[in-house]
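[1] structure of the sequence below:
(2 chains, ligands or ions: 3)
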Amino acid sequence: MKPFGYERPVDLAAAVTLLAERPDARVLAGGTNLVDLMRLGVERPGLLIDVNRLGMDGIEPMAGGGIRIGAGVRNSDLAGDIGVRTAFPLLAEAVLAGASGQLRNMASVGGNLLQRTRCLYFADTSKPCNKREPGSGCSALAGSSRELAVLGASESCIATFPGDMAVALSALGARVEFQTERGEHVVDIDDFYRDPGDHPELDTTLPPGAIITAVHVPGLPVSARSTYRKARDRRSFAFGLVTVAAALEVDDGIVQGVRLALGGVAHRPWRARRAEAELVGRPVAVAAIERAIDAELSEARPTPENAFKVPLVRRLVTGTLLRLAAEDGR
Amino acid sequence: MSPSEVRPNSAPSSSIALSVNGRERALEVDNRASLLDTLRERLDLTGTKKGCDHGQCGACTVLVAGRRVNSCLTLAVAVEGDEIVTVEGLSDGDRLHPVQQAFLERDGFQCGYCTPGQICSTVGLLAEAKKGWPSHATADVSHVCGPEGVTLDENEVRERLSGNLCRCGAYANMVPAVLDAQAAERR
Ligand SMILES: Cc1cc2nc3c(=O)[nH]c(=O)nc-3n(C[C@H](O)[C@H](O)[C@H](O)COP(=O)(O)OP(=O)(O)OC[C@H]3O[C@@H](n4cnc5c(N)ncnc54)[C@H](O)[C@@H]3O)c2cc1C
Ligand code: FES
Ligand code: FES
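    Ligands and ions are numbered 1, 2, ... in the order given. Here you go, the predicted model:
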């Protein structure tokens, strides 16, 4: 690992100033992704700016039943929070489906949003990868792509965003709050993540020098009946192959409101807006759900290795929505 | 680079005080040093093991401020001032910690390499259960439990201990050890 300096600024303003001064710096939160990537030689910062003692660790109510989750809140504290568990069960479930008890104690909300892809070639500095080394090529296109994207990918990158929490936040229409030298900004999670296009080195639209300060989750009646499901190679402590965050409101067997986001299928958490639009006003039945999913998947471009994800999405979403509807009837 | 160009925050090492098992230790650490390597190589606390160095196996689990963490992904410089407890710090003199006792009685290990991590992880997970935290194995995350916290069962233990791998496959005896330890804690 390359030697680096270490600073623990006393407040957010000092941290933002230091980050602006030092383009070679990286922000250190839980370190569970950054330290790992530094050890692999993928990240080579000259300075770490530790943001763990800036007091960004509260969960506060917002107007309209929403909450503001500080960027420094640990994943385990978020999933343990009783307000989150009752108002936004899909969010608690998504966090609990990720990583291990130890890692969730370390991982922060901000770091979780910015975790990098688990594409094998991104982590292997001996192989070409446009995300790690722009212009070097994509090894996954003709290589190992079982875990990789089926939606929204490009000729230059088929990596997937690997996280769970952000998929639930995407379904909820959360907003990301961050600070730069020019002040405070808030952006919709849909505009925070991006498709790879010709610039797969950029996972998000977060500008250089920004420090994430919080996530805003709006109060939504539909989120009270919600869940997160994750299909993976082993029952625990594994990244998802396909995941679903869903919230459903049904009246007399007819969908009144629905939120749906997919994980493990794209460069970003994939909000399934087409499927949502197809579902509203329709009965909660297998045929209607499958039609909605097929609309969402109409532009899927799987590789031979990950073609299984397409039927997996269909089955996982159908099962998840039917289960939520059955709970509604209780 | 001439010395005058070296900014203070670019110094590659830091002078810190670590509190380990109740003792303050003053150290000059390379900023790159993990807590795991610092414990083992600088403080001679070799109970904590290195399996993968990537957060994937749990062999390096220790308690920082009462919470279980992977010491391989923790930088020593970042935990300055926090209370750190390793497997060496659990017993009360010759009296084993109830979790150690339960692992011994249930034969919850074979070669023992993963055991310090399993034991520290169990101490952490029992505290999490006591706080009422649900897990991926919990049927209803919105359920609020009583003051005793979550009563663990086999499924809950398997899920909550899934961050600790055991190459010997001694899981079958660890599960009852963890259940015994929770029962002992509640007596
Ligand atoms: C073995 C293993 C298994 C895992 N399994 C899963 C899983 O199943 N599901 C899942 O979702 N995740 C999983 N993870 C990933 C884990 O959730 C992330 O590593 C973690 O959430 C990152 O948070 P952190 O605070 O540790 O971030 P760090 O590692 O500290 O930082 C990550 C990135 O975010 C930047 N950053 C951090 N905070 C801020 C901020 N406030 N402002 C600006 N930039 C910031 C850092 O500079 C860095 O680039 C796993 C990780 C490991 C090691
Ligand atoms: S050595 Fe830390 S998790 Fe494997
Ligand atoms: S007892 Fe040998 S690795 Fe667990």
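[2] isn't residue A:322 right up against residue A:287?
    No. At 11.8 Å, residue A:322 does not count as touching residue A:287 under the criterion of Cβ atoms under 8 Å. (Glycine included, C-beta is placed from N, CA and C.)
[3] look at those two and report which has more neighbours.
    residue A:322 (15 against 10; other Cβ atoms under 10 Å in any protein chain shown).
[4] gap between the residue nearest to that one when sequence neighbours are not counted and residue A:270?
    Excluding the flanking residues, the one nearest residue A:322 by Cβ to Cβ, 6 or more residues apart in numbering or on different chains is residue A:284, at 6.8 Å. From residue A:284 over to residue A:270 the distance is 22 Å, taken as Cβ to Cβ, to the nearest Å.
[5] between those two, who's got more neighbours?
    Remark: of residue A:284 and residue A:270, residue A:270 carries more neighbours, 25 against 20, as counted by other Cβ under 10 Å.
[6] and that one, what does it touch?
    By Cβ atoms under 8 Å, 6 or more residues apart in numbering or on different chains, the contact set of residue A:270 is A:151, A:152, A:170, A:261, A:262, A:263.
[7] rerun at 6 Å
    Contact partners of residue A:270, counting by Cβ atoms under 6 Å, 6 or more residues apart in numbering or on different chains, are A:151, A:262.
[8] pLDDT score for it?
    Residue-level confidence at residue A:270 comes out at 98, pLDDT.
[9] do the same with residue B:1
    Listed pLDDT for residue B:1 reads 34.
[10] now do residue B:5
    Residue B:5 carries a pLDDT score of 41 in this model.
[11] check the burial of residue A:310 by counting its neighbours.
    18.
[12] my guess is it meets residue A:300, correct?
    Yes. Counting by Cβ atoms under 6 Å, residue A:310 does reach residue A:300; the two are 5.4 Å apart.
[13] list, one by one, the residues from chain A near ligand 1.
    A:26-34, A:36, A:51, A:71, A:98-99, A:103, A:106-108, A:110-112, A:114-115, A:163-165, A:211-212, A:239 (Cβ under 6 Å from any ligand atom).
[14] narrow these to those in helices?
    A:34, A:36, A:103, A:106, A:110, A:111, A:112, A:165 (DSSP state H).
[15] ok, now which ones touch the last one?
    Put plainly, it is residue A:165. A:94, A:95, A:112.
[16] swap in the second one?
    Contacts here follow Cβ under 6 Å, 6+ apart; on that basis residue A:36 touches residue B:54.
[17] how close does it sit to residue A:107?
    12 Å.
[18] list the contacts for the residue in chain B positioned nearest to chain A?
    Chain A sits closest to residue B:163 of chain B, with a gap of 2.5 Å, by Cβ to the nearest Cβ. Residues in contact with residue B:163 (Cβ under 6 Å, 6+ apart) are A:100, A:101, A:102, A:237, B:58.
[19] so which strand or helix has residue A:318?
    Residue A:318 belongs to helix A:309-328 when assigned by DSSP states H and E.
[20] nearest residue to residue A:166 in space, please, no chain neighbours.
    Nearest residue to residue A:166, sequence neighbours excluded (Cβ to Cβ, 6+ apart): residue A:269, at 4.7 Å.
[21] where does the chain have low pLDDT?
    Chain wasn't specified; assuming chain A. A:328-330 (pLDDT under 70).
[22] not what I meant, chain B
    Residue ranges of chain B with pLDDT under 70: B:1-9.
[23] need the residues of it near chain A, please.
    Taking Cβ under 6 Å from any Cβ of the partner chain as the measure of proximity, chain B contacts chain A at B:9-12, B:14, B:31-32, B:54-55, B:61, B:67-70, B:73, B:77-78, B:125, B:133, B:135-136, B:141-142, B:159-160, B:162-163.
[24] about what we covered before: next, count neighbours for the residue nearest to residue A:166.
    Residue A:269: 29 neighbours (other Cβ under 10 Å).
[25] what sits against it?
    A:166, A:167, A:170, A:261, A:263.
[26] check residue B:134 too.
    Residue B:134 is in contact with residue B:141, counting by Cβ under 6 Å, 6+ apart.
[27] how close does it get to ligand 3?
    To ligand 3, residue B:134 is 27 Å away according to Cβ to the nearest ligand atom, to the nearest Å.
[28] residue B:129 and residue B:151 touch, don't they?
    No. Residue B:129 is not in contact with residue B:151 according to Cβ under 6 Å; the separation is 7.9 Å.
[29] can you report how many residues neighbour the spatially closest residue to residue A:144 that is not a sequence neighbour?
    Closest residue to residue A:144 in three dimensions, ignoring its sequence neighbours and counting by Cβ to Cβ, 6+ apart: residue A:120, at 5.9 Å. Residue A:120: 17 surrounding residues under other Cβ under 10 Å.
[30] before we move on, what about residue A:15?
    21.
[31] just the buried residues of the helix or strand it falls within, please?
    Element membership for residue A:15, per DSSP H and E: helix A:12-21. The neighbour-count check on helix A:12-21 (16 or more other Cβ atoms under 10 Å in any protein chain shown) flags A:12, A:15, A:16, A:18, A:19 as buried.
[32] show me what that helix is in contact with.
    Applying Cβ under 6 Å, 6+ apart, the external contacts of helix A:12-21 come out as A:9, A:25, A:49, A:51, A:54, A:179, A:181, A:209, A:211.
[33] export the contacts of residue B:163 to JSON lines and tack on distance to residue A:137?
    JSON lines is the format used below for these (distance: Cβ to Cβ, whole Å):
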{"residue": "A:100", "distance to residue A:137": "34"}
{"residue": "A:101", "distance to residue A:137": "38"}
{"residue": "A:102", "distance to residue A:137": "36"}
{"residue": "A:237", "distance to residue A:137": "32"}
{"residue": "B:58", "distance to residue A:137": "36"}
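[34] tell me which residue is most central in chain B.
    With distances taken as Cα atoms, centre = their mean, residue B:62 lies nearest the centre of chain B, 2.6 Å away.
[35] on the three-state scheme, that one is what?
    Classification of residue B:62 using DSSP: H, G, I helix; E, B strand; the rest coil returns strand.
[36] right, and it touches residue B:86 too?
    Yes. In this structure residue B:62 lies within contact range of residue B:86 using Cβ under 6 Å: 5.0 Å.
[37] now do the shared contacts for those two.
    Listed as contacting both residue B:62 and residue B:86 by Cβ under 6 Å, 6+ apart are residue B:48.
[38] spatially nearest residue to the residue of chain B closest to chain A (excluding sequence neighbours)?
    Closest to residue B:163 by Cβ to Cβ, 6+ apart is residue A:100, at 2.5 Å.
[39] residue B:111 too?
    With Cβ to Cβ, 6+ apart as the criterion, residue B:111 has its nearest non-adjacent residue at 5.3 Å, and that residue is residue B:168.
[40] doesn't residue B:113 make contact with that neighbour?
    No. Assessed by Cβ under 6 Å, residue B:168 is found out of contact with residue B:113, at 8.0 Å.
[41] who has more neighbours out of the two?
    Using other Cβ under 10 Å, the more surrounded residue of residue B:168 and residue B:113 is residue B:113, with 17 against 12.
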